[in-house]
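Q: give me the fold of what follows.
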Amino acid sequence: MESSEPPFQEAYKALFDRYYESGYDDGDGDGDDDDDDVNSTAVEECELPLIDLRKLSLGEVERGECKREIARASREWGFFQVVNHEISWEILERMRREQVKVFKGPFGEKINDGYLNFSPGSYRWGTPSPTCLRQLSWSEAFHVPLADISCLGGLTKLGSTMEQFATTVSELAQTLAEILAEDLGHKSTFFKENCVPSTCYLRMNRYPPCPMSSEVFGLIPHTDSDFLTILHQDEIGGLQLVKDGKWIAVKPRPEALIINIGDLFQAWSNGVYRSVEHRVVANKAVERFSTAYFFCPSFETVIESCVEPSVYRKFSFKEFRFQVQEDVKTFGYKIGLPRFLA
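A: I've put the predicted structure just below:
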C-alpha cells in the first residue's frame, strides 16, 4: 500500500548530508551549532491578546471598546485571537476531520494535478528550492482558491464543509478589515469591492512528525502576502511569532481563531498595522493540523497607502506576488515589503 507521507528525507537528502558532514556548523565562524536548534526550548509561551467579538453585537460602548482592542492588537502585535466568532465548533471539528482524511490519501494521488478537482498546483509540500535546512518546511498543504470550493459545492462532504467554513470566515474577514479601516479614519468600500470570495484562498495544513525536528521548521519564518489571515489550529501548538525582537510561542486555544495582519494591510495602513514574522516549529512525535483563510484582493488591485506621506510605493497585488515568487526562487526566501519602499 502506497504511503501518504511526502518523501522528505529522500528529496532533501543532499541538504541533510551536507549538514551532518559540516559538523553542525551554523556558519558563524565559531565551529558550533548554537543557532541550529530551530525548536529551542528557550522560547517563552504567551497568550495572544484575546478579543470577545460578542461585544460587537452589544451596546455602543461595548462595540467601541471591542473595535479599539482589535486596532490596538493590530498595531502592537500584528496578531490576536478571537472568541464568539460565530463559526460553530461543529464546523471547526468537521473541517479538521475532513482534512485529516484528505491528507491520509496516497502521496502519488495527492501530487496529481486535479486531485479532488482542485486547481493544478493546489497540493504543496516541502520547499521548492531550499539551499540549506533553514529554508526547508517540513509540511504539506492544499492551497485552494475559493472559486474551486464553490465549484465543488455540496458534491462531497469535504466540499460542503470547506464552503461552510469559508463563507463564515469571509464575513468575519470583511468585518475586521472594515473595523481597521475605520480606525484609520476611512469608512472604505475598498475591501468589499476588491477582496471578494473568488480572490481569496483556503489552505489546509498538515505538519507530519519530524525525526529531525531540531534541524528544520514545520514552516519557515515568513510574513503573509495578504491583507488578513484567519487561522484555526489544533491543540498541539507550534506557532511562534516575533514580539519585541524575540520569538514567542503561541499558547494553543482550540476554540479561538487567530488573526494576523498581512503585508498588504501593512502597506495600505502605511505601517500602522504590522505584518509580523512568524513560523511553525516541527514536532518529533505528533502531527499538527490547521486551516488558514487568506483575505486577498484580485491580482489587478493596486495597493496604495491610505496615509500620507507613504512609506511604500504603489504596486499591484500581481506585481507583489510575482516579486515574492522570484525572490524565493532566487534566494530561497521571501523579501517582501522592503522591495516596495518609496
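Q: could you export the helix-or-strand element of the chain with minimal mean pLDDT as PDB, CA atoms only?
A: Lowest on mean pLDDT, DSSP states H and E among the helices and strands of the chain sits helix 146-152, with a mean of 79. C-alpha atoms of helix 146-152 as PDB (Å, rounded to 0.1, in the frame of the first residue of the first chain):
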ATOM      1  CA  LEU A 146     -12.300  29.700  -3.000                       C
ATOM      2  CA  ALA A 147     -13.600  29.500  -6.600                       C
ATOM      3  CA  ASP A 148     -12.600  25.800  -6.600                       C
ATOM      4  CA  ILE A 149     -14.600  25.300  -3.400                       C
ATOM      5  CA  SER A 150     -17.700  26.900  -4.800                       C
ATOM      6  CA  CYS A 151     -17.400  24.500  -7.800                       C
ATOM      7  CA  LEU A 152     -17.300  21.500  -5.500                       C
END
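Q: contacts for it?
A: Applying C-beta atoms under 8 Å, 6 or more residues apart in numbering, the contact partners of helix 146-152 are 116-119, 122, 158-160, 162-163, 166, 170, 197-202. Backbone N, C-alpha and C define where each C-beta goes, glycine included.
Q: ramachandran coordinates for C46?
A: Torsion angles at C46 (phi, psi; degrees, to the nearest 10) stand at phi -130, psi 160.
Q: which of the three states applies to the closest residue to it other than its chain neighbours?
A: For C46, ignoring the flanking residues on the chain, the nearest one in space by C-beta to C-beta, 6 or more residues apart in numbering is I248 at 4.7 Å. Here I248 is strand, with the state taken from DSSP: H, G, I helix; E, B strand; the rest coil.
Q: okay, and which of the contacts of helix 146-152 map to strands?
A: Within these, residues falling in strands by DSSP state E are 201-202.
Q: any of the contacts of helix 146-152 buried? List them.
A: 116, 118, 122, 158-160, 162-163, 166, 170, 199-202 (16 or more other C-beta atoms under 10 Å).
Q: would you turn these into CSV with distance to L264 and pLDDT?
A: Listed next are the buried ones among the contacts of helix 146-152 as CSV, based on distance: C-beta to C-beta, whole Å; pLDDT from 0 to 100:
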residue, distance to L264, pLDDT
L116, 29, 81
F118, 24, 85
S122, 22, 92
L158, 29, 88
G159, 28, 86
S160, 30, 89
M162, 23, 92
E163, 25, 91
A166, 19, 93
S170, 16, 95
T199, 12, 93
C200, 12, 95
Y201, 13, 95
L202, 18, 96
